[in-house]
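>>> need a structure here:
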Amino acid sequence: MKTAIISDVHANLEALTSVMAEIDRLGVGRIICLGDVVGYGGSPNECADIVRERCEVTLMGNHDAAVTGAMDVAYYYQGARDAIEWTRGQLADRNYDWLYSLPYSWADRDTAFYHAAPVMPSGFFYVVQEAEAQPHVELAPKLKKVNFIGHAHLTLIFGLIDGQPVEVDASRVTAASEARFIVNVGSVGQPRDRDPRACFATWDDEASRLEYHRVQYDIKKAAGRIVDAGLEQKFAERLFIGV
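Now for the predicted structure:
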């Protein structure tokens, strides 16, 4: 089965609908969301409704946790706190209750899914440097072969190979390897790798093949929703440059 893995939608309706259209075009049979459905963007209810309907599994992201009170908002800087508080006021009860109920991780055969670092899913740690991947070396025997994460809004992959974390490309990721892999899947709604297009990944467990996908969307409209909501201007501006 081929699975689409999306993450960090951040209430960007235009990006999410474009990604869903591409997933449908590809004929992918299952969608898993790694969390951060809300935060930063201007369409929290619309995005939550789509993810609830379309995704087989959705995980708890740190912004989801903050909005529902499962995480202290003091962790965030003022602009992000303002967006969290605004989102909390906008959310319908159905979406608030759903976000609050989400798990931190999920596993299926040779794959596992987290919002952030597998070493402590509720801690929301990044894995974007070898030093951040290093703590997973001792954990490796307990990890699945391929471990998908979001949170960083980047497309970086680390292989835990011969007791060391090594950055690798997508072609190296296979369940047949003795290594364990930690795969950052990028962001649907807030890419930060200088490519403003929405990003998601697919995993074909039969072919043992990982692919990244980039999708154009109406950035101007998504940015306008942020401005109209009175949220911090930079949340809109960075959509155009992917940072």
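>>> hey, let's count contacts and neighbours off CA atoms from now on
OK.
>>> look at residue 79 and report its pLDDT.
At residue 79, the model reports a pLDDT of 95.
>>> could you list every residue that touches the residue of the chain most remote from its centre?
The C-alpha centroid of the chain is most remote from residue 162, which lies 28.0 Å away (Cα atoms, centre = their mean). Shown in contact with residue 162 (Cα atoms under 8 Å, 6 or more residues apart in numbering): residue 179.
>>> put the alpha carbons of stretch 210-219 into CSV.
Extracted in CSV, the C-alpha atoms of stretch 210-219 (Å, rounded to 0.1, in the frame of the first residue of the first chain):
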residue,chain,number,x,y,z
LEU,A,210,10.1,7.1,-0.3
GLU,A,211,9.2,10.1,-2.4
TYR,A,212,8.8,13.8,-1.7
HIS,A,213,6.2,15.8,-3.5
ARG,A,214,5.9,19.6,-4.0
VAL,A,215,2.6,21.3,-4.9
GLN,A,216,1.9,24.8,-6.1
TYR,A,217,-1.0,26.6,-4.3
ASP,A,218,-2.5,30.0,-4.0
ILE,A,219,-0.1,31.6,-1.5
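>>> residue 200: how many residues sit nearby?
25 (other Cα atoms under 10 Å).
>>> that one bridge partners, please.
residue 213 (DSSP bridges).
>>> may I have the residues that are in contact with it?
4, 5, 6, 7, 19, 185, 186, 187, 188, 212, 213, 214.
>>> excluding covalently adjacent residues, which one is nearest to the last one?
What it means is residue 214. residue 199 (4.7 Å; Cα to Cα, 6 or more residues apart in numbering).
>>> can you pull the pLDDT of that neighbour?
Looking at residue 199, its pLDDT is 98.
>>> how about residue 162?
89.
>>> quick one: it from residue 177, how far?
Distance of residue 162 to residue 177, computed by Cα to Cα, to the nearest Å: 12 Å.
>>> just residue 212 next, same as before
To residue 177, residue 212 is 20 Å away according to Cα to Cα.
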